[in-house]
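Student: whatever this is, show me its structure:
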Amino acid sequence: MRILNRQVVTFGSVGLLGLGALEALLWILVHSGVDYLFAYLGSFELVMLLNFVLHDRITFRGDKAHGFLRRLWTYQLTYIVYRVLTFAIFFTASLFISIYLALLLSVVMGFGANYWMAKRLTWRSAARQGAGSIPA
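Tutor: Predicted coordinates:
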């Protein structure tokens, strides 16, 4: 099994684009007077929508066993888990290093969990979904 297949590379590329947008939004909100913790959460929500659309249209374009709204809902739920994980890392790291480095660290550390949840829970292909089921 290859670790760096097209999906992983594309997922990472979308993530890098999202990270750039996340850093920019965080900077804009913080410098507009928003508390950095609220700025972090707001930035993550906006970038989540951007990432979902890009993943749905590019990364997982062939793996759509469910309708658009169900995929969006599932991605939102898995992203909450990812967000809690990265927020814990971000908050802890921000006590010791710059908030911008803390953000980068939290996103990089959460990448693997985020990819696994997206692939297994949000964009399950119809073939993969039925693989473990018992025939009627």
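Student: how about residues contacting the helix or strand where residue 40 lies?
Tutor: Using DSSP states H and E, residue 40 maps to helix 36-54. The contact list for helix 36-54 (Cβ atoms under 8 Å, 6 or more residues apart in numbering) reads 14-15, 17-18, 21-22, 25-26, 29-30, 34, 71-72, 75-76, 79, 83, 86-87, 90-91, 94, 99, 103. Just so you know, the C-beta spots here come from the backbone N, C-alpha and C atoms, and that holds for glycine as well.
Student: what's the PyMOL line that selects buried ones from the residues you listed?
Tutor: Buried residues within the contacts of helix 36-54, by 16 or more other Cβ atoms under 10 Å, are selected in PyMOL with:
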select buried, resi 14+15+18+22+25+26+29+30+34+71+72+75+79+83+86+87+90+94+99+103
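Student: so where's this protein shaky on pLDDT?
Tutor: Scanning the chain for pLDDT under 70 picks out 1-4, 125-136.
Student: rerun at 50
Tutor: 126-127, 129-136 (pLDDT under 50).
Student: so which bits of stretch 5-13 are buried?
Tutor: By 16+ other Cβ under 10 Å, the buried positions in stretch 5-13 come out as 7, 8, 10, 11.
Student: please identify the helix or strand for the last one.
Tutor: When elements are defined using DSSP H and E, residue 11 is found to belong to helix 6-31.
Student: next up, the contacts around residue 27.
Tutor: residue 100.
Student: what's the closest non-adjacent residue to residue 34?
Tutor: Closest residue in space to residue 34, ignoring its immediate chain neighbours: residue 42 at 7.3 Å, by Cβ to Cβ, 6 or more residues apart in numbering.
Student: could you give the number of residues near that neighbour?
Tutor: By the measure other Cβ atoms under 10 Å, the count of residues near residue 42 is 14.
Student: any idea how far residue 28 is from it?
Tutor: Using Cβ to Cβ, to the nearest Å, residue 42 is found at 10 Å from residue 28.
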